[in-house]
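Visitor: Predicted model follows, preceded by the sequence.
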Amino acid sequence: MTDTENAPRGTAAPTGPDVTPALLIERAEAMVPGLVARQQETERRTYYAEDTHRAFQEAGFYRIAVPKRYGGYELGFDTFLQVAMTLSRACPSTGWMFCLGAAHSLFAASMFDEKAQAEIFSGGDFIAPLVNAPTGRRGAPRTAAGFWTASGSTAPARPMRPT
């Protein structure tokens, strides 16, 4: 059961130059009381509630590191981390899940070509799980030219809620 009385309250997210790091951090701080009140509920559920997700969308949190050309704010990762730390102080689980899903916009913007980015960021908001921890074996052999020969596998990404 969701306790909507204590749900974090977001505000409509402006998309232009009105969005500043200070504004996003202020929005995160405004959500603190609701997140604190819902810590136990979030722990029992094992993911943050749909209304929390919507509040994060309305506040613009999923757009912090998304490139401007796709409707994002293209702010520094320091802004993202300040928002994440504020959410984490209120509810560590919520902050952790926010980080796991929303931080990957930096990887997507850095690792993929423009065509892939246009598809990934088409909605402006970006939240997705990502597995990027290599699991090769230690002491991998080198080629004759001195390059490492990498082999191994990685676990699949675990689905995240809300979807």
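Guide: Structure received. Numbers count the residues shown, from 1 in each chain.

Visitor: CA atoms for contacts and neighbours, from now on please.
Guide: Noted.

Visitor: can you pull out the helices in this protein?
Guide: 21-37, 39-45, 50-59, 77-90, 92-102, 104-111, 114-120 (DSSP state H).

Visitor: Give me the buried positions along the last one.
Guide: The neighbour-count criterion (16 or more other CA atoms under 10 Å) identifies 117, 120 as the buried residues of helix 114-120.

Visitor: That helix packs against which elements?
Guide: Contact here means 3 or more CA pairs under 8 Å, 6 or more residues apart in numbering; DSSP states H and E; on that basis helix 114-120 packs against helix 104-111.

Visitor: Give me the contact list for the helix it packs on.
Guide: Contacts made with helix 104-111 from outside it, assessed by CA atoms under 8 Å, 6 or more residues apart in numbering, are listed as 65-67, 117, 120, 126-130.

Visitor: at 6 Å instead, please
Guide: Val66 (CA atoms under 6 Å, 6 or more residues apart in numbering).

Visitor: Which residues are in contact with the spatially most central residue of the chain?
Guide: Among the residues of the chain, the one closest to the centroid is Ala102, at 1.3 Å (CA atoms, centre = their mean). When contacts are counted by CA under 6 Å, 6+ apart, Ala102 is found next to 62, 127.

Visitor: For it, give its distance to Arg63.
Guide: Distance of Ala102 to Arg63, computed by CA to CA, to the nearest Å: 8 Å.

Visitor: Ile25 contacts Val83, doesn't it?
Guide: Yes - between Ile25 and Val83 there is a contact at 5.3 Å, judged by CA atoms under 6 Å.

Visitor: list the buried ones in the lowest-mean-pLDDT helix or strand in the chain?
Guide: Within the chain, no helix or strand scores below helix 104-111, which has a mean of 81 by mean pLDDT, DSSP states H and E. Across helix 104-111, burial judged by 16+ other CA under 10 Å covers 104-106, 108-109.

Visitor: Good, wrapping up.
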